[in-house]
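Asks: return atomic coordinates for the entry below.
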Amino acid sequence: MKPFSESCAQNQHVILDVLRKEFAALQHVLEIGSGTGQHAVFFARALPHLIWQTSDVAEYHPGIHAWIADEGPDNVRAPLNLNVETDDWPETTFDAVFSANTVHIMGWPEVVKMFAGIGQTLINGGRFCLYGPFNTDGKFTAESNARFEQWLKSKNPKSGIRDQNELNRLAKKAGLARIATYEMPANNNVLVWEKTGAA
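Replies: Below you'll find the model as predicted:
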């Protein structure tokens, strides 16, 4: 049986609206933290001009393979083994990177290494779209996000909702410039950076 995430099923259509715009002129996407594989299959089918490269730590690969085997279109690729903190990043370069609901689960050192790796992997002019809940100027944007962070930290004290300004600083070090913000349902956002090469 394939793994299933209710949040993926709920948010994929609104995220797709953003990706249709931001990835319209791009070709090769690296998804970081493909999880169940639902997003990869859904987005690859809806965006047939893209080659969608899945990745995650090894424990999630069976589920991703199951989704691809059952429903995957020809333009979705089997997962790479990628732990952003310890694994070598792909030698292949990409003109797009996508990640959803990852940086608040990671510890901060992993977030730092993730942005550094994206800076190495993304070609100039490429774009990184990151979906999830974010703080602004050190403050929660909704009470529900504050409660969500309490729940996250009860599971892993190193996790937590990340501040947009801090992420922008990491992006700048990696040669990325913030170009867009999209408001999503349930107090989430899609943040978009473009690789300028000027780290």
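
Asks: so how far is the longest strand anywhere in the chain from its chain's centroid?
Replies: Identified as the longest strand of the chain according to DSSP state E is strand 122-132. Its chain's C-alpha centre and that of strand 122-132 lie 9 Å apart, by C-alpha atoms, centre = their mean, to the nearest Å.

Asks: the next helix or strand after it: partners in the sheet, and parallel or antiparallel?
Replies: With elements assigned by DSSP states H and E, the helix or strand that comes after strand 122-132 is strand 134-135. Strand 134-135 pairs in its sheet with strand 162-163 (parallel), by DSSP bridges.

Asks: what sits up against the strand it pairs with?
Replies: Residues from elsewhere that reach strand 162-163 (C-beta atoms under 8 Å, 6 or more residues apart in numbering): 103-104, 108, 111, 134-138. Backbone N, C-alpha and C define where each C-beta goes, glycine included.

Asks: thinking again about what came up before, with just CA atoms, put the longest strand of the chain into CSV.
Replies: The C-alpha trace of strand 122-132 is given here as CSV (Å, rounded to 0.1, in the frame of the first residue of the first chain):
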residue,chain,number,x,y,z
LEU,A,122,21.0,25.5,-9.1
ILE,A,123,22.2,27.1,-12.3
ASN,A,124,22.1,30.9,-12.7
GLY,A,125,18.6,32.1,-13.5
GLY,A,126,17.2,29.0,-11.9
ARG,A,127,14.5,29.2,-9.2
PHE,A,128,13.9,27.7,-5.8
CYS,A,129,10.3,27.4,-4.5
LEU,A,130,9.8,26.6,-0.8
TYR,A,131,6.4,25.8,0.7
GLY,A,132,5.5,25.9,4.3
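
Asks: partners of it in the sheet?
Replies: Strand pairing for strand 122-132, using DSSP bridges, gives strand 94-100 (parallel), strand 188-195 (antiparallel).

Asks: centre of the chain to the shortest one, how far?
Replies: Centroid displacement of strand 94-100 relative to its chain, using C-alpha atoms, centre = their mean, is 7 Å.

Asks: can you check stretch 47-67 too?
Replies: Centroid separation for stretch 47-67 versus its chain: 13 Å, with C-alpha atoms, centre = their mean.

Asks: likewise stretch 100-112?
Replies: Relative to the centre of its chain, stretch 100-112 is centred 10 Å away, using C-alpha atoms, centre = their mean.

Asks: end to end on it, go ahead and measure it.
Replies: One end of stretch 100-112 sits 16 Å from the other (C-alpha to C-alpha, to the nearest Å).

Asks: return the most buried member of the strands paired with strand 122-132.
Replies: Highest mean neighbour count among those (mean count of other C-beta atoms under 10 Å): strand 94-100, with a mean of 24.
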